[in-house]
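1. Fold the following and give me the result.
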Amino acid sequence: MINKFRDSVDEVLADIPDGATIMIGGFGLAGQPIDLINGLLRRNLTGLTIVNNNAGNTDEGLALLVKSGAVRKVICSFPRQVDSWHFDKKYHAGEIELELVPQGNLAERIRAAGAGIGAFYTPSGYGTTLADGKETRTIEGRDYVLEYPIRADFALIKAHKADRWGNLLYRKTSRNFGPIMAMAATTTIVQVPFLAELGDLDPENIVTPGIFVDRVVQVDSTNPKEHS
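-> Numbering: from 1, shown residues only. The predicted structure follows:
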């Protein structure tokens, strides 16, 4: 019997090693799997490469992971904002590496990994320092840069509901990078506030099929929006 439910956050994260590449869902704090990130903090890991849309906000979630010194490198599209002080401090001290990727390229590089695409040409970044050292090509009079997929050892994402096969529903904009990250990682770990009985999720509404999910853990939600 397939059952991807697990009993605790610590259990689902137990085999993540030092030096792993980890995709973390979320657009800022929206859809960020805070409980899973807090579990990573308890592991006291080092040398992690984190793939996320940004580099952490305020003193919560991903920002605290950066502050802890667990992160060696961040791959993201928006590393600096008014409340990204932990990343700023680490970066200016030379304690963390940044690979800056335009947001559309970031999404497509992750999607390409899950779709089995070897590489793709994009106009984004052409003629800027982001294209330095990369192959370029002119196609029908327009200039493009060759970009390669981003793959990860683990993806940590947040969904709204899951059944024991790992089929997922998301809540509104918290969906963001979750579906493509689930496809691009060797192991996908999901936190949800609600579990569903097998067959209760409308197949027409399932966004991430269970084939892309390895482990699911239920977490308590203090956000009243999760219950609406």
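2. From here on, just use CA atoms for contacts and neighbour counts.
-> Fine.
3. next one: phi and psi at residue 179?
-> The main-chain torsion angles of residue 179 are listed as degrees, to the nearest 10 and equal phi -60, psi -40.
4. Likewise for residue 146?
-> In terms of degrees, to the nearest 10, the main-chain angles of residue 146 are phi -80, psi 130.
5. Could you verify my assumption that it touches residue 135?
-> Yes: contact criterion CA atoms under 8 Å: residue 146 and residue 135 qualify, at 5.4 Å.
6. who's more crowded, those two?
-> Under the neighbour definition other CA atoms under 10 Å, residue 146 and residue 135 were set side by side, and residue 146 has more, 16 against 11.
7. Tell me the confidence at the more buried one?
-> Per-residue pLDDT puts residue 146 at 98.
8. measure it to residue 139 for me?
-> 12 Å (CA to CA, to the nearest Å).
9. again with residue 15
-> Plainly put, residue 15 is 45 Å away from residue 139 if you go by CA to CA.
10. Below-threshold pLDDT in the protein: ranges please.
-> Under the criterion pLDDT under 70, the flagged ranges of the chain are 222-228.
11. Just give me the residue closest to the centre of it.
-> residue 24 (2.6 Å; CA atoms, centre = their mean).
12. What about the protein, which residue is the most distant from its middle?
-> For the chain, the largest distance from the centre (CA atoms, centre = their mean) belongs to residue 141, which lies 35.0 Å off.
13. measure that residue to residue 207 for me?
-> In this structure, residue 141 and residue 207 are 37 Å apart, going by CA to CA.
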